[in-house]
Structures are given as structure tokens and as C-alpha cells.
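Q: sequence first, then the predicted structure:
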Amino acid sequence: MKFRSVSDSVTSNPTSVTAPKRFSVRVAEWLLDAPRLSDSPSAKHLAGRLLKQPAREGVVAAQSRLGQLICRECGNARDRRIGQELLRQAARAGDRRAQQELGLIED
């Protein structure tokens, strides 16, 4: 009786786990940067939902964009504090846009 060996691709761990995070961040950035879509509340809501998980997982670009979105669009103090904390995390990681936004907020 002949046994087949299991291929390496079946037993190895997937190395490209970050692809969905990058995709959602890119789609969110596209929604926020598109001239016609960026003014739409539903586009901003969708972009926020797409950025939320990557921001929690420490993706600096997602933290920066979500922090900016929350600080600019939300009216209550709790959400502004969350947005500022996201911006601080991104600024500590070296994101220039977050550093500039924090400078504007704290001045």
C-alpha cells in the first residue's frame, strides 16, 4: 500500500494574514479621500467601520485616519477623547498626519 505525504502548503501556517487589514484600510482611505464620497455620512460611517478593527490591532494608518474621523465628525466628548487617544497612539508610532492633527487639537 502506498501512502501519500502531506504537502508543505497544507501543514504550514499562512504567512499572509495581514492582507484583509490592508485591504480594509485602503478601501476606507479611498472612501475618505474620494471627492464625491467624502462628504457622504454613509461613506464616513462605512470607512469608520472598516478602520475600527485594524486600529484596534495596532495598524498605525488606521489609528490615524480613524482618530481624525472621530475627532472631526463626532460631537460628544467621549468620542473626541477616543479619537484623540487613537491620534496619540499613531503619533507615538511616528505618523506625521496624526502629529499635525494633535497639534491642531491641543493648540
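A: Right, received. Where do you want to start?

Q: any weak-confidence spans in this structure?
A: Flagging of the chain using pLDDT under 70 yields the residue ranges 1-20, 106-107.

Q: need the contact list for the most centrally placed residue in it.
A: By CA atoms, centre = their mean, the mean C-alpha position of the chain lies nearest to A62, the distance being 2.1 Å. Applying CB atoms under 8 Å, 6 or more residues apart in numbering, we find A62 in contact with 21, 25, 28, 51, 54-55. The C-beta positions use only the backbone N, C-alpha and C, and glycine is treated the same way.

Q: helices along this structure, start to end?
A: 8-11, 19-33, 41-56, 60-73, 77-92, 96-106 (DSSP state H).

Q: out of those helices, deepest packed?
A: Stretch with highest mean neighbour count among these: helix 60-73 (a mean of 22; mean count of other CB atoms under 10 Å).

Q: from the chain's centroid, how far away is that helix?
A: 8 Å (CA atoms, centre = their mean, to the nearest Å).

Q: now the angle from that helix to helix 41-56?
A: Counting by axes from the mean of the first three to the mean of the last three CA atoms, to 10 degrees, helix 60-73 lies at 140 degrees to helix 41-56.

Q: separation between the closest residue to A34 other than its chain neighbours and L50?
A: The shortest distance from A34 to any residue other than its chain neighbours is 7.6 Å, reached at A43 (CB to CB, 6 or more residues apart in numbering). As judged by CB to CB, to the nearest Å, A43 and L50 stand 10 Å apart.

Q: and what of R96?
A: 22 Å.

Q: residues touching the residue lying closest to I82 once chain neighbours are set aside, list them.
A: Nearest non-adjacent residue to I82, counting by CB to CB, 6+ apart: I70, 6.0 Å away. If a contact means CB under 8 Å, 6+ apart, then I70 has 48, 79-80, 82-83, 86 as its contacts.

Q: ok, V27 next?
A: Counted by CB under 8 Å, 6+ apart, V27 has contacts 47, 50.

Q: now swap in G94 and tell me
A: G94 touches V60, counting by CB under 8 Å, 6+ apart.
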